[in-house]
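In: Can you look at this prediction? I've put the sequence above it.
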Amino acid sequence: MLTVYAAGGYGYAATSDMSRAGLQSALDRAAGWARATAPRSLIDFGALPRPAPRGAYASPDADMPAWSQRDWYDLLAEESRQAGCDPRIVDWEATVETRTAEHRYLTSAGGDVSQRYRFVMPGMSVTAHADGDTQTRTLNGYRGLAQQGGEGMLDRFGFVGSGRRIADEVLQLLLAPNCPVGTMDVLLLPDQMVLQIHESIGHPLELDRILGDERNFAGTSFVTLDMFGTYRYGSDLLNVSFDPTRPEELASYAFDDDGTPAEKAYLIRKGILERPLGGAISQARAGLPGVANSRADNWNRPPIDRMANINLEPGDATLADMIAGIERGVLMSTNSSWSIDDSRNKFQFGCEWGQLIENGKLTSVVKNPNYRGISANFWRNLTRVGDAATMQVLGTPYCGKGEPSQVIRCGHASPACVFAAVDVFGGDPS
Amino acid sequence: MTPANIEAYFNEVAALLDRSIARGEIYTCRLDAEISDFVRLNRGKVR
């Protein structure tokens, strides 16, 4: 991708033709777009600073030898064999996606950045069917297990042995009653919290959405520019950061794709909205501080405002304390469905696994646990935030946005959390 | 590469695969390519 600032305009052009003539042709096209659009541009690109970053980044274990295909096949085949352990189990899969990537960023102002990435993204899913009902259980969700680094991440999530474990859980779900309906406390485990954070904090805080760029495709936001600095997004317990410094997390890096150095920053502190997810260009448009989140998903796409690592900072409650503090509620784990409006406000989310909490104790398993809410109210009902021991570093490799379409990796780390007075429902028709 | 060159190259690759597979083996071969211009507008101006 070649980007040109000329005459106050901005143009870009990508090519797979890496010959001198091919690159020159792309450069000419980018410059042509910059000059042609300058008189009609929303932004005076001539006023933006010219980045000159210099540095390097490498994922953990970037240079360690990778497993062979045989190593992976043997592991996945054994987990798959263990998963298919009961005649009610009708489908199962053990998968892995591994990737390496090298990014080089050069600017005419002298910038030169090299970043090398290594990703491991395993998956385990088991589906069972009996008496007209079908249930699916996965290991931390569909592609929810995704980190930077080497195969050591498998141990952190107990991948070995997960085939039988997941199979046992899906058979429990088959025998379980539906989740009850009503207003009650909900204890969300990290593999549901990451979806909650992604959809109802990450997307609404993307500054290009707030500025209207994505209105016709990905959507807009219930957040407006005047809210930053004063708006109460959540309870005092809500602290959310943009954190590109956690090494194993999916979207850690040293510089974004506009050359801005990536540093940790709070988006929400003690419940108050502080700053949006906007890169250098959006920051200049909005007159607000942002973060280094201008990212492209590939060599042939321009960088736009994306989520990266958006984390909910841990609190001080143990899991046992959180359960003990609930008189009537449901523990929910592992996202299975999501629906949210295009301003990222009203939502309805479903989980794979539910377990009742009655008088401070975990009791029976329930299937089809769902809840609905409104972002602007939901986070204000955050009543307990789990400590670091309850935290997991997860993410998604497949966050879609932009035209032409871009699909990018986002990391999310979260502890378990309790929300009060949540509208809960199950699979029974009402 | 021009679109005509890319198509010719893809056909050469497919022909090579035809000659290389053993009895009982099958293959699929796919090419994604793109030539696009894209202009995003916001507030009636070019974003």
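Out: Structure's in. What do you need? Numbers count the residues shown, from 1 in each chain, chains lettered A, B, ... in the order given.
In: Next, the contact list for the nearest residue to A:V418 once chain neighbours are set aside, please.
Out: Leaving aside its chain neighbours, A:V418 sits nearest to A:R384 (3.8 Å; criterion: CB to CB, 6 or more residues apart in numbering or on different chains). Where you see a C-beta, it was placed from the backbone N, CA and C, and this is true even at glycine. By CB atoms under 8 Å, 6 or more residues apart in numbering or on different chains, the contact list for A:R384 reads A:L237, A:G315, A:A317, A:D321, A:M322, A:G325, A:C417, A:V418.
In: Now which of those residues would you call buried?
Out: A:L237, A:G315, A:A317, A:M322, A:G325, A:C417, A:V418 (16 or more other CB atoms under 10 Å in any protein chain shown).
In: could the residues you listed go into a markdown table alongside secondary structure and pLDDT?
Out: As requested, the buried ones among the contacts of A:R384 are arranged in a markdown table below (DSSP: H, G, I helix; E, B strand; the rest coil; pLDDT from 0 to 100):
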| residue | secondary structure | pLDDT |
| --- | --- | --- |
| A:L237 | coil | 98 |
| A:G315 | coil | 98 |
| A:A317 | strand | 98 |
| A:M322 | helix | 98 |
| A:G325 | coil | 98 |
| A:C417 | strand | 98 |
| A:V418 | strand | 98 |
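In: In JSON lines, list those residues along with distance to A:A376.
Out: Formatted as JSON lines, the buried ones among the contacts of A:R384 follow (distance: CB to CB, whole Å):
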{"residue": "A:L237", "distance to A:A376": "16"}
{"residue": "A:G315", "distance to A:A376": "21"}
{"residue": "A:A317", "distance to A:A376": "24"}
{"residue": "A:M322", "distance to A:A376": "24"}
{"residue": "A:G325", "distance to A:A376": "25"}
{"residue": "A:C417", "distance to A:A376": "17"}
{"residue": "A:V418", "distance to A:A376": "19"}
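In: Pick the one among those residues closest to A:G290.
Out: The closest of the buried ones among the contacts of A:R384 to A:G290 turns out to be A:L237 (CB to CB; 24.3 Å).
In: Buried residues of the strand or helix carrying A:A128, list them for me.
Out: Element membership of A:A128, judged by DSSP states H and E, is strand A:112-130. Burial within strand A:112-130, assessed by neighbour count using 16+ other CB under 10 Å, is assigned to A:113-115, A:117-128.
In: and it, which strands flank it?
Out: Using DSSP bridges, strand A:112-130 pairs in its sheet with strand A:54-58 (parallel), strand A:89-106 (antiparallel), strand A:133-138 (antiparallel), strand A:147-148 (antiparallel).
In: give me the low-pLDDT residue ranges for the stretch 101-250 of chain A?
Out: Within the stretch 101-250 of chain A, no stretch falls below the threshold (pLDDT under 70).
In: Tell me the residues of it that contact chain B?
Out: For the stretch 101-250 of chain A, the residues in contact with chain B (CB under 8 Å from any CB of the partner chain) are A:L211, A:G212, A:D213.
In: again, only this time at 10 Å
Out: Remark: the part of the stretch 101-250 of chain A in contact with chain B comprises A:D208, A:L211, A:G212, A:D213, A:E214, A:R215, A:N216, A:F217, using CB under 10 Å from any CB of the partner chain.
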